[in-house]
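1. structural data only, the sequence is not supplied:
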Ligand code: ADP
Ligand code: MG
């Protein structure tokens with residue numbers, strides 16, 4: 001098979017009959033053979049989009065000079081050259097160079113970090129190859145592969161549908177249209193039909209919002225519709241965090257203030273008759289020292305370090321904003337299954353009305369048959385290993401059936417499937433329609449409340465008897481209150497009219513076959529994580545689609561809730577009048593049997609009460625709630641593509657303990673942001689105080705331009721970034737969350753800046769003045785003042801390390817980079833003095 005026919009297939013996929021397309025692609029409905037797929041992968045290359053290349057090192061380096069401050073300094077260097085001050089010019093050039101090199105390295109490593117994070121989440125997809133389903137990396141997909149899709153998946157390539165069930169897709173990435181588009185395996189369309197109207201095609205990069213689908217890959221990688229526009233859509237820089245935006249605005253304001261102050265000082269100095277040249281250089285130098293131009297870089301580094309530390313603790317940050325936001329969240333609404341529990345379900349209890357002890361074969365077999373026919377999971381041997389795929393509930397049921405000797409593949413041969421209603425959280429059941437001799441049988445499994453209205457009879461010790469809903473409900477509650485996840489199973493023969501689509505309406509007159517109770521063990525770390533959360537002043541609630549009593553039993557075991565008053569059900573929320581819902585939500589610890597869309601309501605109500613909410617989710621239908629919350633958290637393992645791509649954070653091990661670790665690291669990162677800010681602002685302010693005092697009292701400039709630049713370099717140059725590396729102080733999770741509305745320059749910060757600036761500036765001024773009065777010449781007085789300032793500011797670095805504890809109580813060895821940087825700076829300075 002030659003490559004050009006793939007291009008032809010890609011162009012005409014929507015305009016061909018399915019079997020024409022399959023033969024054009026050399027494919028079959030059972031999938032390519034693994035060997036053929038490997039061969040094609042070699043020929044066509046991986047299914048990846050062309051990516052915008054990151055800027056080169058040289059570009060990054062040049063970029064460092066693009067700032068008004070740097071232009072000023074360059075001008076100063078040129079002026080120095082013109083008037084023959086070689087050493088000044090060389091020094092300024094040296095400082096600029098060092099500055100640019102440090103900046104380049106920092107930006108480059110930030111870029112690399114972003115790149116590495118992107119690679120942590122590799123998309124995967126399900127394909128049919130040689131009749132078996134495999135989960136493969138989407139990169140390995142080739143033209144002709146048969147792909148299986150379900151709600152929450154990102155479409156991995158351009159695909160012509162072969163069949164679909166209630167399939168709708170969000171194509172906003174391609175078309176800008178935000179409403180979901182319905183898709184189906186329709187007849188061929190006109191060749192000139194535009195992509196937005198191709199109802200029988202799915203396009204790479206779009207998201208499956210609902211339903212299931214199966215189709216053949218017609219184009220991969222750069223040949224897809226998305227590939228054609230990829231460079232326009234992808235590769236944009238990540239949005240800066242709101243904190244960084246605020247700090248940008250803040251440093252612009254400081255720059256303006258400094259400009260005014262410097263202008264005033266220049267006027268005063270001119271009036272005093274100082275030389276224009278000296279005034280110019282001092283003004284530039286003062287501007288450089290006081291304007292915290294390192295602030296943004298250091299803050300970016302602090303946030304990036306936070307990201308890296310979080311990644312080490314299984315938290316991947318997708319938006320920088322989340323680093324600071326997670327630290328200030330006051331409420332975490334978490335999933336139950338998989339986050340608080342292990343999502344390793346096993347069936348521990350079966351119930352048939354009136355039957356005690358051992359079960360009869362003729363009770364067990366029909367139950368198991370239904371359990372595996374209405375089932376989308378897979379267990380089996382492959383390449384010498386046991387593998388399982390699909391929902392944990394489905395897998396648990398397949399295992400139960402296998403113990404009783406029923407194997408899915410065999411059952412499906414005897415009872416071929418005609419149609420299915422797949423499980424979706426809001427539906428709470430799944431069903432299949434199978435041939436059984438000359439009848440068609442429906443098999444249903446799901447929540448008991450949903451199945452009861454479908455049933456007329458039930459099996460019991462006395463054989464088939466009329467349905468006794470009370471009895472079944474009582475037993476289901478008994479099992480649920482012991483922490484079991486309860487599922488009911490039912491089956492019955494139904495008839496469909498010719499051409500009718502199998503749906504919920506047909507499910508009536510069935511026989512209830514029994515109940516199963518499954519146990520999902522708690523995560524061993526969960527209890528401790530919840531306790532840590534409580535002491536950190538963060539409230540925690542569970543949101544689940546499960547039965548209220550199951551949820552309460554688990555919440556009790558975890559110490560999250562005590563009594564039924566703390567459970568709110570989806571139904572209560574639906575029926576609540578006026579502000580009743582708000583009141584219910586405020587008092588709830590457990591939200592049970594809630595539909596995914598009700599999560600949005602819960603999040604919004606909490607926000608109205610002043611909470612800063614983090615919400616976790618895994619399904620496509622959780623995305624709205626994750627967007628509504630301040631922090632959306634997706635599960636890396638159990639979560640769908642949609643959830644992962646909506647989230648601000650991804651928890652790679654799905655563990656509640658990792659969320660709590662994220663809160664801790666978020667707080668550390670924010671504290672470091674404050675430390676860096678404090679250092680840079682307070683030292684700049686101290687220099688300003690020194691100059692103002694000197695000018696007011698009619699003394700000469702206390703430091704020369706070069707000296708100010710030098711001071712800046714040895715006291716802030718490495719230290720600000722080193723502060724961004726500060727480890728946790730250890731009590732991060734013992735404090736209440738800070739208010740998300742609180743500005744960085746709160747009262748504490750202002751007081752500390754003012755006090756330290758006044759102390760340092762005044763001391764330096766007193767020294768300068770005393771030395772002049774004692775008859776030293778200006779040169780010597782300046783040298784001494786500089787030495788004092790370097791000392792003071794280096795002490796200030798250590799003083800910046802904690803807002804609550806004094807520098808003496810804080811071991812300097814805990815941040816070796818900081819210690820090393822500061823000692824080196826002192827030594828360099830003393831060396832330079834000589
Ligand atoms: P959770 O919030 O714990 O993930 P789900 O929405 O997955 O809750 O499940 C809600 C209810 O739907 C369960 O209590 C169960 O009765 C039913 N259910 C869960 N998984 C399946 C499945 N794979 N097939 C049929 N019914 C299911
Ligand atoms: Mg679930």
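-> Yep, that arrived. Just so we're clear, the structure is a prediction, and the values are computed from it rather than from any experiment. Ligands and ions are numbered 1, 2, ... in the order given.

2. only C-alpha atoms for contact and neighbour calcs from this point on.
-> Will do.

3. tell me the bridge partners for the residue nearest in space to the middle of the chain.
-> By C-alpha atoms, centre = their mean, the chain has its centre lying nearest to residue 649, at 1.7 Å. The partner list for residue 649 in beta bridges (DSSP bridges) reads residue 317, residue 633.

4. which residues does it contact?
-> Contacts of residue 649 were listed using C-alpha atoms under 8 Å, 6 or more residues apart in numbering, and they are 315-319, 322, 631-634.

5. distance of it relative to residue 204?
-> Using C-alpha to C-alpha, to the nearest Å, residue 649 is found at 24 Å from residue 204.

6. and for residue 340?
-> 34 Å.

7. the two - which one has more neighbours?
-> Neighbour count, other C-alpha atoms under 10 Å: between residue 340 and residue 204, residue 340 has more, with 27 against 24.

8. does that one touch residue 659 like I think?
-> No - in this structure, residue 340 is not within contact of residue 659 by C-alpha atoms under 8 Å, at 11.0 Å.

9. after the particular helix or strand that has residue 92 in it comes which helix or strand?
-> Using DSSP states H and E, residue 92 sits within helix 86-120. Next in sequence after helix 86-120, counting helices and strands by DSSP H and E, comes strand 124-129.

10. so which elements touch that following strand?
-> strand 132-137, strand 146-150 (3 or more C-alpha pairs under 8 Å, 6 or more residues apart in numbering; DSSP states H and E).

11. what packs against the shortest one?
-> Here strand 146-150 touches strand 124-129, strand 207-219, going by 3+ C-alpha pairs under 8 Å, 6+ apart.

12. name the residues that touch that strand?
-> For strand 146-150, the surrounding residues in contact (C-alpha under 8 Å, 6+ apart) are 29-32, 125-129, 155, 159, 208, 210-217.

13. which of those residues count as buried?
-> Among the contacts of strand 146-150, those buried by neighbour count (16 or more other C-alpha atoms under 10 Å) are 29, 31-32, 125-129, 155, 159, 208, 210-217.

14. show me which of those neighbour ligand 1.
-> For ligand 1, no contacts are drawn from those by C-alpha under 6 Å from any ligand atom.

15. need the next SSE after the longest helix along the chain, C-terminal direction.
-> Across the chain, the longest stretch assigned as helix under DSSP state H is helix 656-696. Next helix or strand after helix 656-696 toward the C-terminus (DSSP H and E): helix 705-716.

16. if you count contacts, what does the helix or strand following that next one end up packed against?
-> Per DSSP H and E, helix 705-716 leads on to helix 719-724 as the next helix or strand towards the C-terminus. Judged by 3+ C-alpha pairs under 8 Å, 6+ apart, the packing partners of helix 719-724 are helix 294-312, helix 656-696, helix 816-833.

17. run the chain-centre distance for helix 719-724.
-> Put simply, helix 719-724 sits 26 Å off its chain's centre (C-alpha atoms, centre = their mean, to the nearest Å).

18. got it, and stretch 24-35?
-> Chain-centre distance of stretch 24-35: 36 Å, with C-alpha atoms, centre = their mean.

19. and the contacts of it?
-> By C-alpha under 8 Å, 6+ apart, the residues outside stretch 24-35 that reach it are 1, 5-6, 9, 22, 127-132, 143-146, 216, 218.

20. could you flag which of the residues you listed are buried?
-> Buried members of those, scored by 16+ other C-alpha under 10 Å, are 6, 9, 22, 127-130, 143-146, 216, 218.

21. residue 390 reaches residue 378, doesn't it?
-> Yes - counting by C-alpha under 8 Å, residue 378 is a contact partner of residue 390 at 6.5 Å.

22. now do the contacts for residue 485.
-> Residues in contact with residue 485 (C-alpha under 8 Å, 6+ apart) are 479, 517-520, 546-547, 550.

23. now the phi/psi pair for it, please.
-> phi -90, psi 120 (degrees, to the nearest 10).

24. which other residues reach the helix or strand hosting residue 75?
-> For residue 75, the enclosing helix or strand under DSSP H and E is helix 68-82. Helix 68-82 is contacted from outside by 65, 86, 88-90, 92-93, 96, 281, 284, 288, using C-alpha under 8 Å, 6+ apart.

25. please list the residues of this structure that sit near ligand 1.
-> Taking C-alpha under 6 Å from any ligand atom as the contact definition, the chain meets ligand 1 at 336-337, 391, 393-394, 423, 425, 428-430, 445-447, 486-487, 544-547.

26. what is the rounded mean pLDDT of stretch 255-264?
-> Taken as a whole, stretch 255-264 has a mean pLDDT of 81.

27. got it, and stretch 743-756?
-> So the average pLDDT for stretch 743-756 ends up being 87.

28. contact partners of it?
-> With C-alpha under 8 Å, 6+ apart, stretch 743-756 has contacts from 674, 678, 681-682, 685-686.

29. 7 Å - rerun?
-> The contact list for stretch 743-756 (C-alpha atoms under 7 Å, 6 or more residues apart in numbering) reads 674, 678, 682.
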